[in-house]
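# generate a structure from the sequence data that follows.
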Amino acid sequence: MEAVEIKEPELVSVADVAQAMDAEAQAQFVKAAERLGIERLHPEQERAILHSLQGRDALVVLPTGYGKSACYQIPSMILPKPVVVVSPLLALLEDQTRNLDKRGVPVVRVDGTIRGKARREAMERIAEGGPLLVMTTPETLAGEELRTALTETGISLFAVDEAHCASEWGHDFRPAYLRLHEMLERYGRPPVLALTATATASVREDLIRILDLQDPLVIAASPHRSNLCFEVIECGSTARLRALTRLILRLRRPGIIYCSTTKEVDAVQGALSAMGVPAHRYHGGMKGSERKAEQELFMKRGRRLVMVATSAFGLGIDKPDIRYVVHFQTPASLEQYVQEAGRAGRDGRQSHCILLHHFDDRDIHEFLLSQSRVRPQQLFQLVKALVAYVEEGRFPDIIDLAAASQLAQRVTSAVVAVLESASLVEITTEKYVRPLIHPDELLTKARRLTEQFQRLRKLDTERLDAIEEYASSETCRAQMLRAYFGVEPGEECGACDMCRQAGERPGSFFEPLRKKKARKKAGKKARKKSGKKARGKKGAAKRGRRRGARGRGRNNKVGPEAKPEGSPTP
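Prediction:
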């Protein structure tokens, strides 16, 4: 792979940032940064941290690997009351809590996996108050146990990690994210810091509305980092695996390969393993224990492995030395692509982000989206079934409502979450679905919601169009990404395939790997192995001769103590 010149990003020293504070705050700020091992900050981090310390709302869009977590970790050691971080990613919560605890940062984690004594101790620590980072999930945040503890202590800052879940994924990813505004009100509406790696101008506006941010500072950094070399390779389904194999044999590890389906993950991982590549896999069809073991193995420092995975892998993964991210198929959106590709090169060293593209990839995503998105007719169908129950003087639970509306329980739960976020229904303590407005008004508002879902499905199509345009574009990849995310295009990156004028790959790149080469490699390995064995045997023989010589020397002694061979012992 061709080496390119990497432009160093502009950074500000922690000491310079602290100069704008009073003496006491300076000392706290410097000490907090030192605990985290941070010596310099990006200007965007500096602005976000200072703004949050002033108790004001902010929406921060920083690319993957830019250090979003520092924007709430540093304030958590300075502000007088707990800082709450809500995230949908259990892996991120677990990883950050463990790392912060090692560094002596006051932190507790509360989610569905924390039970018994550990949960009681976490609640007791929260009740003590003071500077503390509370890591939790939206589901746990909605419970009474955590609300009671935090209501007593108060909250200095409420950080929403992966904030785009509230706008982009919503009911498909975490329905509870749609209720964050309601939760904020229940917790006394503390200052809010919303963080995400990807958000277009329209998504940023949507987040401001959903979270009800008050006169927020909006920071939107370029989605492209200067050390990332973006490239698109056009190849059909038959040549794709051949092209991938050649790339993986040439690129430095560790790396990630993303596939659209679990079937492709298994096929690619098997093919690479057969070629001698240390490939592992990760997807939703595996057992939880298997996924955890594979992730932990990949994350081990110094391990140069290849992870073949669906988009389920990587959220919250902080491995700095990933040298490449290859997409085996085109993803469903530029938002998804940038977030996944950005997991490469967090250490600032040159890394590759390669997309294997073919126009047939779109068909896969159109099918997957049709299965995952709540359809407008499903929402209206459910509301009509709910109204029928109310007119009979009854309230259904999720199971009854699913049966009455002829929808799957998963779809029913997702639609009910949407209705909850719009303050149209509530789930009672007995788990019944109860409308909060008159049935006639509920039907009217449901019609408006169906129109919103129709726009959402239209937006899915526009996203697929956008990534198609990116793949076929002949302009600088970085400039195109910046324009899509509503950031100034700036200069050409000088690192992508368009800037390097890399041209198309030769036809031989897509041909099957020649058996001659494979045999040559296999023969080389066999000779190396047999050479080791021969050296081992030779060494053993030499040691044997030395031992034999020493033995003969003892038997050939001269003098009164010498005995002839075979003579009897006294």
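
# now the helix or strand hosting L180: buried residues?
According to DSSP states H and E, L180 maps onto helix 180-186. The neighbour-count check on helix 180-186 (16 or more other C-beta atoms under 10 Å) flags L180, H181, M183, L184 as buried. In this view, the C-beta of every residue, glycine as well, is placed from N, C-alpha and C.

# with respect to S333, which of those is nearest?
L180 (22.2 Å; C-beta to C-beta).

# tell me which residues touch the closest one, please.
Counting by C-beta atoms under 8 Å, 6 or more residues apart in numbering, L180 touches V86, P138, V160, A166, I210, L211.

# and for S311?
Y258, P331, Q336, E340.

# please narrow those to those residing in strands.
Y258 (DSSP state E).

# which two of the contacts of S311 have the greatest separation?
Y258 and Q336 (9.1 Å).

# so those two - more neighbours on which side?
Y258 (26 against 19; other C-beta atoms under 10 Å).

# nearest residue to the more buried one in space, please, no chain neighbours.
In space, and not counting its chain neighbours, Y258 is closest to H327: 4.9 Å by C-beta to C-beta, 6 or more residues apart in numbering.

# the one you found contacts V338, doesn't it?
No. Using C-beta atoms under 8 Å as the test, H327 is too far from V338 to be in contact (11.2 Å).

# so P190, which state does it fall into?
Three-state assignment for P190 (DSSP: H, G, I helix; E, B strand; the rest coil): coil.

# contacts only, for it.
V84, G154, I155, S156, L157, F158, L184.

# same check on A18?
A25, Q26, F29, V30.

# what pLDDT does R527 get?
What the model reports for R527 is a pLDDT of 60.

# do the one 3 residues further on as well
pLDDT, S530: 60.

# look up how far I219 lies from A194.
10 Å (C-beta to C-beta, to the nearest Å).

# kindly report the same for Q409.
For Q409 relative to I219 (C-beta to C-beta), the value is 40 Å.

# which of the two has more neighbours?
I219 (19 against 12).

# domains in this protein, by residue range?
Per automatic domain parsing, the structural domains of the chain span 12-220, 228-367+503-511, 373-461.

# export these to a markdown table and tack on distance to E488 and mean pLDDT?
Shown next, in a markdown table, are the domains of the chain (distance: least, C-beta to C-beta, whole Å; pLDDT from 0 to 100):
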| stretch | distance to E488 | mean pLDDT |
| --- | --- | --- |
| domain 12-220 | 10 | 89 |
| domain 228-367+503-511 | 16 | 90 |
| domain 373-461 | 24 | 87 |
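
# V487: which of those is closest?
The nearest among those, by C-beta to C-beta, is domain 12-220 at 5.7 Å.

# for burial, what's the neighbour tally of A312?
14.

# ignore the last one, T429
Neighbours of T429 (other C-beta under 10 Å): 5.

# now the one 3 residues further on
Residue crowding around Y432 was assessed by other C-beta under 10 Å; the count is 17.

# also D440?
9.

# likewise for L11?
Using other C-beta under 10 Å, L11 has 14 other residues around it.

# not counting its neighbours along the chain, what's nearest it?
In space, L11 is closest to R40, 3.9 Å off (C-beta to C-beta, 6+ apart).
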